[in-house]
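Trainee: Need a 3D model of the following:
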Amino acid sequence: MRSSNPVLNRVDETTRLPGQGVGVADAMTVDDVVVRTVGLLLLTGVTALISWIFVPPAVWAPFALAGTALAAIVLALVISLRAITNPIPMIAYAVIEGLLLGVASRAFELVYPGIVAMAVAGTFGVFLGMALLYRARLIRATPRLARLVIGTLLGVVAIGLVNLVVYLVTGRQGLVVYSLTGEVGGWAYGFAIIAIIAGAFSFILDFDLIERSVRAGRPRRYAWLCAFGLLTGLVFLYWQLLRLLSYLRR
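Mentor: Residues are numbered from 1 along each chain as shown. Presented below is the predicted three-dimensional model:
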């Protein structure tokens, strides 16, 4: 089963390589992934708080929105394609992402008070809900689900990139609305909802991949790669929820 997350896809490929098992003491565990995921999330949150307090949102918000998307794509591709298990690039990503998230989130909060708390609560609520559904085996990571989720997310990312380039060049907005005020068309609502649903179901595939990686006895260093994959998924979901909430309050 391949994950919809490109970072965790790379872990999936390595689990199929022969002769890669390690001793029990050095094998990756679910606790290793949890600890590293929490650490990266805390680092992202602290840097977001710093940028929230000290960086003027009116000046930097547009650059933060564009920069976050580009930084996430570039760093995620580099780390996943090279199967980097060194935590330093992932820590750097968490810091950069936190700085940009803090600036942009504050800009949204100034226009729509309370929206950030709602988006954060919604993000972790969805994550925990999908974790419980997976744990109870109410939703299984079937090949059909994997194809549907992966195809949807690839489409969302591709359309989002095209939309971003058009916006940066012409200022026109389509399926993704980057301005903080103004009317939003029905297609933008639909696109955001589809992205949120696909992002939520991607966690099912990620949980399954982590579980199988643990059973395969992957080295403990791969827990960093799994934690980074979960972080990128949470950030993606947060952005989609923040955008949809802003649409609803216009």
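Trainee: How about Cys112, nearest residue that isn't a chain neighbour?
Mentor: Actually, residue 112 is Tyr rather than Cys. Excluding the flanking residues, the one nearest Tyr112 by Cβ to Cβ, 6 or more residues apart in numbering is Arg249, at 4.9 Å. C-beta coordinates here come from the backbone N, C-alpha and C atoms, glycine included.
Trainee: Quick check: the one you found vs Thr181, distance?
Mentor: From Arg249 across to Thr181, the span is 10 Å (Cβ to Cβ, to the nearest Å).
Trainee: out of those two, which sits in the busier spot?
Mentor: Remark: of Arg249 and Thr181, Arg249 carries more neighbours, 13 against 10, as counted by other Cβ atoms under 10 Å.
Trainee: In the protein, where is pLDDT below threshold?
Mentor: 1-25, 57-84 (pLDDT under 70).
Trainee: what's the following helix or strand after the helix ranked longest in it?
Mentor: If you go by DSSP state H, the chain has its longest helix at helix 186-215. Beyond helix 186-215 on the C-terminal side, the first helix or strand identified by DSSP states H and E is helix 222-248.
Trainee: Give me the distance between that next one and the centre of its chain.
Mentor: Helix 222-248 has its C-alpha centroid displaced from the chain centroid by 3 Å (Cα atoms, centre = their mean, to the nearest Å).
Trainee: what angle sits between it and helix 186-215?
Mentor: If you take axes from the mean of the first three to the mean of the last three Cα atoms, to 10 degrees, helix 222-248 sits at 160 degrees to helix 186-215.
Trainee: May I see the buried residues of helix 222-248?
Mentor: Neighbour-count burial for helix 222-248, counted by 16 or more other Cβ atoms under 10 Å, picks out 222-247.
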